[in-house]
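In: Predicted model and sequence below, questions to follow.
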Amino acid sequence: MKQNNSIGIKIKKFREFRQISIDELALSANLEVSQLERIEKEGTVPSLGHLIKISRALGVRLGTFLDGQEQPGPVIVRSGNEKTALSFSTKNEKNREHLNFFSLAPDKAGRHMDPFIVEIEPQKESDYKLSTHEGEEFIFVFKGKIEINYGKDVYTLSEGDSIYLDSVVAHNVHAAGTETAKLLAVVYTPI
C-alpha cells in the first residue's frame, strides 16, 4: 500500500545515520533489497512483521517508525481520537487495506509495547501468509470473529475472547465470517 512516505523516510534516515547500506539492512532484516527500496523510495508500507524485522535490524523499537512527537509522561487517547496508523501490505505487494491499525499510544516515549485497535474486514480471498517476528502479542476481540493460523494450529475467537501468543511462531490473523472484526492488539518487541 502506498501512503505518505513517512515510514520509508524514517527508515532511510535511521539506516543512513547508522551508516548501514540498504544491502546490509536487507541482509540483517532477512528482506529483499527491492522491498527496502520500494519502502524507502516509493512509500510502500511493509507488513507489520517486516517492519518489526527492520526495527530490530536498526536497533530501534517498532514505534519509532509509527510515532509522531514523543511525550515522556503518560499518554491518553480519548475514544474516537485514535490515530490511524497504517494499513499494512504484504511481501508480494498486494494491499491489505482490509487490515487497519489505529495506534493507542503513538506519542509515548520509550515504550516497549505497541497497543492498537485493529479493524479486519472479511475478504473473499485472503493470502493467509504467515509471518514471524520476535516478541509477543496479546489480542482481545471486541466485535465479530477472527481466525488465527498459529503454526500448524487454527484458532477461532469470538467477542470477549483473547489470546496471548509468541510472535516467533508463524501466524496470521484474519476475519472469520462475513462481519468486520474489531480487536485490541498489544505487540511487544524486545530491542
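Out: Alright, I've got the coordinates. All values reported here derive from a predicted model rather than from experimental measurement.

In: The residue nearest the centre of the chain: what's it in contact with?
Out: Using CA atoms, centre = their mean, the residue of the chain that lies closest to the mean C-alpha position is residue 48, 2.8 Å off. Residue 48 makes contact with 88, 101, 131, 133, 187, according to CB atoms under 8 Å, 6 or more residues apart in numbering. Yep, even glycine has a C-beta here, placed from its N, CA and C like the rest.

In: any idea where the strands of this protein begin and end?
Out: Applying DSSP state E to the chain gives strands spanning 83-87, 99-103, 113-120, 136-143, 146-150, 153-157, 162-166, 171-175, 181-188.

In: and these as TSV, adding mean neighbour count, mean pLDDT and distance to residue 40?
Out: Formatted as TSV, these follow (neighbours: other CB atoms under 10 Å; pLDDT from 0 to 100; distance: least, CB to CB, whole Å):
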stretch	mean neighbour count	mean pLDDT	distance to residue 40
strand 83-87	18	54	16
strand 99-103	21	79	21
strand 113-120	21	88	22
strand 136-143	17	95	27
strand 146-150	19	93	30
strand 153-157	14	95	36
strand 162-166	14	95	30
strand 171-175	21	90	26
strand 181-188	19	93	23
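
In: Including distance to residue 37, could the ones you listed go into TSV?
Out: Output for these, formatted as TSV (distance: least, CB to CB, whole Å):
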stretch	distance to residue 37
strand 83-87	19
strand 99-103	23
strand 113-120	26
strand 136-143	29
strand 146-150	30
strand 153-157	35
strand 162-166	31
strand 171-175	26
strand 181-188	26
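
In: Report pLDDT for residue 170.
Out: Looking at residue 170, its pLDDT reads 91.

In: count of residues packed around residue 170?
Out: By other CB atoms under 10 Å, the residues close to residue 170 number 14.

In: and it, backbone torsions?
Out: phi -60, psi 130 (degrees, to the nearest 10).

In: which residues touch it?
Out: 130-132, 149-151.

In: 10 Å instead, please
Out: If you count contacts by CB atoms under 10 Å, 6 or more residues apart in numbering, residue 170 has them with 49, 129-132, 149-152.

In: on that earlier part again, could you export the contacts of residue 48 as JSON lines, including distance to residue 141?
Out: Shown next, in JSON lines, are the contacts of residue 48 (distance: CB to CB, whole Å):
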{"residue": "88", "distance to residue 141": "19"}
{"residue": "101", "distance to residue 141": "15"}
{"residue": "131", "distance to residue 141": "20"}
{"residue": "133", "distance to residue 141": "21"}
{"residue": "187", "distance to residue 141": "16"}
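
In: closest to residue 62 among these?
Out: Checking these against residue 62 with CB to CB, the nearest one is residue 187 at 6.8 Å.

In: so what's that closest one closest to, chain neighbours aside?
Out: In space, and not counting its chain neighbours, residue 187 is closest to residue 114: 4.7 Å by CB to CB, 6 or more residues apart in numbering.
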